[in-house]
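Visitor: Sequence and computational prediction follow.
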Amino acid sequence: MEKGESRGILPPGTPVDWVAITLLWCVAVILVKPIGDFPLNDDWAWGMTVKRLVEGGGYRPTGWAGMTLITQVLWGALFCIPRGFSFNALRISTLVLSLIGVLAMYSLVRRLKGSRFLALCCALTLACNPIYFALSNTFMTDVPFTTMAIVASFFYVRHLQNGADLDLIIGTAISIAAVCWRQLGLCLPVSLGATLLLKHGSQRRRIIRSVLPLSVSILVSGAFQHRLRATGRLPVLHNVNTEKLRDAVAQLPRIRVNVAYFGWSRLMYPGCFLVPATVLTS
């Protein structure tokens, strides 16, 4: 696709498929009936952080938080505005992002020239994934982060296809939001930068574009963590995880051993989760 080509037109059948996916998703949620003003899994910690913010205590994460978390808390607080804090409101906030993630997966596959059937299979495979669906009914960070990663990838793919600066800016803004959900979001600008370098080589303009999203993401994340540290609000678990990462990087020979030892399980799980889409589209 050349630069300047129309990017706002939806592929044929997209609205109909979006409606079908949304209806199926709503039916599944109604059957589960995720109602109850109580925490699930570890989301009590994130919920208490939202509660403090909503009640005027500012952003003060519990010591249990090891991720960046700030966008998770702000998103949850937004849904608590109408009727005050409750875990029901927090679950609704996750369910909304979960549905957006499924629709974004459909759109991403269509953007990559996948067929309508393939896009539906991929979207429903994500929606019906037991981990994704179960965590969609909690206030855990996994599903919101996944949604941000998919949406950011959509705009990054559009930028790679047409070179539009607007797509790069939107994708970077969303990837920064993902980094402020979980530090793992840094993989998004890293992947974009590597792809741009492989695609365009050492062109000065492309080098700047490949480095800028990652630089901005690191700057925002570092500034936020510095602020928390300076105000005494940096969670203890965050320091523990940072030290573990520092130790792992300092012992480079062990990285290869860890990759070989744990790599098989990291590949096995995605392989199992992708079986529905693989079987239906093979």
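Guide: Alright, I've got the coordinates.
Visitor: Do I have it right that residue 32 meets residue 137?
Guide: Yes: taking C-beta atoms under 8 Å as the definition, residue 32 is a contact partner of residue 137 at 6.0 Å. To be clear about C-beta, it is placed using only N, CA and C from the backbone, and glycine gets the same treatment.
Visitor: sec struct for the nearest residue to residue 75 once chain neighbours are set aside, please.
Guide: Closest residue in space to residue 75, ignoring its immediate chain neighbours: residue 93 at 5.6 Å, by C-beta to C-beta, 6 or more residues apart in numbering. Here residue 93 is recorded as helix under DSSP: H, G, I helix; E, B strand; the rest coil.
Visitor: measure residue 72 to residue 150 for me?
Guide: Noted for residue 72: a distance of 16 Å to residue 150, by C-beta to C-beta, to the nearest Å.
Visitor: ditto for residue 136
Guide: As for residue 136, its distance to residue 150 is 14 Å (criterion: C-beta to C-beta).
Visitor: More neighbours: which of those two?
Guide: residue 136 (29 against 21; other C-beta atoms under 10 Å).
Visitor: can you pull out the helices in the chain?
Guide: For the chain, the helices defined by DSSP state H occupy 14-32, 43-54, 70-80, 87-111, 116-127, 130-136, 142-162, 165-179, 187-200, 204-230, 236-250, 252-273, 275-281.
Visitor: possible to save the ones you listed as CSV with distance to residue 60 and mean pLDDT?
Guide: Shown next, in CSV, are these (distance: least, C-beta to C-beta, whole Å; pLDDT from 0 to 100):
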stretch, distance to residue 60, mean pLDDT
helix 14-32, 31, 96
helix 43-54, 5, 93
helix 70-80, 10, 96
helix 87-111, 17, 97
helix 116-127, 34, 94
helix 130-136, 24, 95
helix 142-162, 20, 95
helix 165-179, 21, 95
helix 187-200, 28, 90
helix 204-230, 10, 87
helix 236-250, 13, 58
helix 252-273, 34, 76
helix 275-281, 42, 82
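Visitor: looking at these, which is closest to residue 64?
Guide: In terms of C-beta to C-beta, the element of those nearest to residue 64 is helix 43-54, at 3.9 Å.
Visitor: who touches that closest one?
Guide: Helix 43-54 has contacts (C-beta atoms under 8 Å, 6 or more residues apart in numbering) with 39, 58-62, 64-65, 69, 72-74, 76-77, 80-81, 84-85, 87, 90, 138-141.
Visitor: Please spell out the PyMOL selection for the buried subset of the residues you listed.
Guide: Of the contacts of helix 43-54, the buried ones can be selected in PyMOL as follows, counting by 16 or more other C-beta atoms under 10 Å:
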select buried, resi 39+59+61+62+65+69+72+73+76+77+80+85+87+90+138+139+140+141
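Visitor: Enumerate every residue touching the most centrally placed residue in the chain.
Guide: Centroid-nearest residue in the chain, with C-alpha atoms, centre = their mean: residue 145, separated by 2.6 Å. Residues near residue 145 by C-beta under 8 Å, 6+ apart: 178, 181-182, 184-185.
Visitor: want to try CSV for those, with distance to residue 282 and neighbour count as columns?
Guide: Formatted as CSV, those follow (distance: C-beta to C-beta, whole Å; neighbours: other C-beta atoms under 10 Å):
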residue, distance to residue 282, neighbour count
178, 31, 29
181, 34, 25
182, 33, 21
184, 30, 13
185, 32, 25
